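Undergrad: Coordinates only, no sequence provided:
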């Protein structure tokens, strides 16, 4: 009996660890994510994704990267990815404030160090427990 319980526990452990190891990488719409939680994104700090036109740059403070994770348990992949994307965007906006700039340009996905340039989509990895988004963008002062 004890041997059967140990075997059953081992099998359950293997099956559950496989289920939690899921890491689905997908692309989601930037616009939907930016508007998924009203009032979170600071409209006073413009965000320009890769390829989007923007005013001329008066000063560059350099390229900065984010790598954010969030709890995805009990959420759809899309909901978890939208939430963690907002966290990454907010971190870039905080960097703008810290550096004294007024915008972020050329924002790209950089999930697992795989750069993806898109003005309309971001890359997110989602599993049963965690979701993650990595972005990088150039903090600048734009000419007015």
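TA: The structure has been received and is ready for your questions. All of these numbers come straight from a predicted model, not from anything done at the bench.

Undergrad: contacting residues around residue 111?
TA: By C-beta atoms under 8 Å, 6 or more residues apart in numbering, the residues touching residue 111 are 25, 123, 124, 125, 132, 133, 134. For every residue, glycine as well, the C-beta is placed using N, CA and C.

Undergrad: Residue 137 too?
TA: Residues in contact with residue 137 (C-beta under 8 Å, 6+ apart) are 47, 63, 64, 92, 104, 105, 106, 107, 108.

Undergrad: at 10 Å instead, please
TA: By C-beta atoms under 10 Å, 6 or more residues apart in numbering, the contact list for residue 137 reads 47-50, 63-66, 88-89, 92-93, 95-96, 103-108, 110.

Undergrad: Pull out the buried members of those.
TA: By neighbour count, with 16 or more other C-beta atoms under 10 Å, these hold 47-50, 64, 66, 88-89, 92-93, 95-96, 103-108, 110 as buried.

Undergrad: Show me the helices in the protein, by range?
TA: Per DSSP state H, the chain carries helices over the ranges 2-20, 30-34, 77-99.

Undergrad: Can you give the distance from the second one to the centre of its chain?
TA: From the chain centre to the centre of helix 30-34 is a distance of 11 Å (C-alpha atoms, centre = their mean, to the nearest Å).

Undergrad: tell me the contacts of the nearest residue to residue 47 once chain neighbours are set aside?
TA: Leaving aside its chain neighbours, residue 47 sits nearest to residue 104 (5.3 Å; criterion: C-beta to C-beta, 6 or more residues apart in numbering). Listed by C-beta under 10 Å, 6+ apart, the contact partners of residue 104 are 45-49, 54, 61, 63-64, 89, 92-93, 95-96, 135-140.
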